[in-house]
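Peer 1: need a 3D model of the sequence below.
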Amino acid sequence: MSKVKVFIIEDDFIHTNRLEMYLDEMGYELAGTAASSTQALNLIAATKPDLLLVDIHLAGDLSGIQIVEHLNNKKAIPVIFITSYRDKETFETAKLTDPYAYIIKPYDKETLQAAIELAVYKFSKIKTANSQNEYPEEAKDSLEKGMLFLKSKGRLIKIILSDILYIEAKDKLCLIYLSKEIIEVRMSLQKLEDELKDNQVFLRVHRSFIINKEEISQVNLSKNEVLVGNFNVPVGRSYKQSFLNSIHVV
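Peer 2: I've put the predicted structure just below:
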């Protein structure tokens, strides 16, 4: 798991500091800051952020909108525009770059939080939906081991799918077991299974468990359980045959 990385493009020192403070309080990682187009483009290429917070009107040769247009020609990164300008012309120009949100100054932390959550969620859904059509055959393996953005304890977290050992439903939570930590998310196991349905390494083996097949080290048929990492996970009776078929028992 890693935090969502946010990059700030803003030439006002006070606003930059406020954004940094808000991001820290919300549990996001600051990928970097820039006050000019040249600085922004170089640092974004180096830091590879998950999200951009961009002031529209910057001092220098390029506006925030033009920076985003340049980035969109290379690789799409979700963008939230921030501006003190309320005129329709600015909004219509910004809209052409397909931003995920548009915030008017002054704003509060709750407004920024909602915009970030919506932007990351929408981008992750679009990326998942388009992945099979946008990438060549040889890239599918890396796509299947991509990432998932989930909300946990009031913050968005980025989970690398290949780091997941197994998932357990407990009460109204899903516990996502990674090699070094456990992530709690408030959602049903069925919904999480639906999110992972295009990834062939995840398999439902019990009404309360989903496992990563690549992490199986042992299958105990007499006890109806599998060893995933260092954890014993039960295999339900109704799931046993489909599980055995999926791991190609000979």
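Peer 1: where does this protein have low pLDDT?
Peer 2: Applying pLDDT under 70 to the chain flags residues 1-2, 125-145, 248-250.
Peer 1: can you name the farthest residue from the center of this protein?
Peer 2: Going by C-alpha atoms, centre = their mean, the residue of the chain most distant from its centre is residue 222, 39.1 Å out.
Peer 1: state the helix or strand in which that one lies.
Peer 2: In the assignment (DSSP states H and E), residue 222 maps to no helix and no strand.
Peer 1: now do the phi/psi pair for it.
Peer 2: phi -70, psi -30 (degrees, to the nearest 10).
Peer 1: residues of stretch 44-53 that come out buried?
Peer 2: Neighbour counts over stretch 44-53 (16 or more other C-beta atoms under 10 Å) mark 44, 49, 50, 51, 52, 53 as buried. To be clear about C-beta, it is placed using only N, CA and C from the backbone, and glycine gets the same treatment.
Peer 1: and the closest residue to the last one other than its chain neighbours, what does it touch?
Peer 2: Going back to what we said before, that points to residue 53. Sequence neighbours aside, residue 8 is the residue nearest to residue 53 in space, at 4.9 Å (criterion: C-beta to C-beta, 6 or more residues apart in numbering). Contact analysis of residue 8 by C-beta atoms under 8 Å, 6 or more residues apart in numbering lists 16, 19, 20, 30, 32, 33, 34, 52, 53.
Peer 1: make a PyMOL selection of the buried ones in those residues.
Peer 2: Entered in PyMOL, the line below selects the buried ones among those, by 16+ other C-beta under 10 Å:
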select buried, resi 16+19+30+32+33+34+52+53
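Peer 1: widest-spaced pair of the contacts of residue 8?
Peer 2: By the measure C-beta to C-beta, 20 and 52 form the most distant pair in these, at 14.4 Å.
Peer 1: how close does residue 22 sit to residue 67?
Peer 2: From residue 22 over to residue 67 the distance is 21 Å, taken as C-beta to C-beta, to the nearest Å.
Peer 1: between the two, which is the more surrounded one?
Peer 2: residue 67 (26 against 20; other C-beta atoms under 10 Å).
Peer 1: can you tell me the helix or strand for the residue most central in space within the chain?
Peer 2: By C-alpha atoms, centre = their mean, the chain has its centre lying nearest to residue 149, at 3.1 Å. Here residue 149, judged by DSSP H and E, is contained in strand 147-152.
Peer 1: mind giving me the packing neighbours of whichever helix or strand comes after that strand?
Peer 2: Following strand 147-152 in sequence order, the next helix or strand is strand 155-160 (DSSP H and E). Helices and strands touching strand 155-160, by 3 or more C-beta pairs under 8 Å, 6 or more residues apart in numbering; DSSP states H and E, are strand 2-3, helix 109-134, strand 147-152.
Peer 1: paired strands for strand 155-160, with orientation please.
Peer 2: Looking at strand 155-160 with DSSP bridges, its partner strands are strand 2-3 (antiparallel), strand 147-152 (antiparallel).
Peer 1: list the buried residues for that strand?
Peer 2: So, applying 16+ other C-beta under 10 Å, buried residues of strand 155-160: 155, 156, 157, 158, 159.
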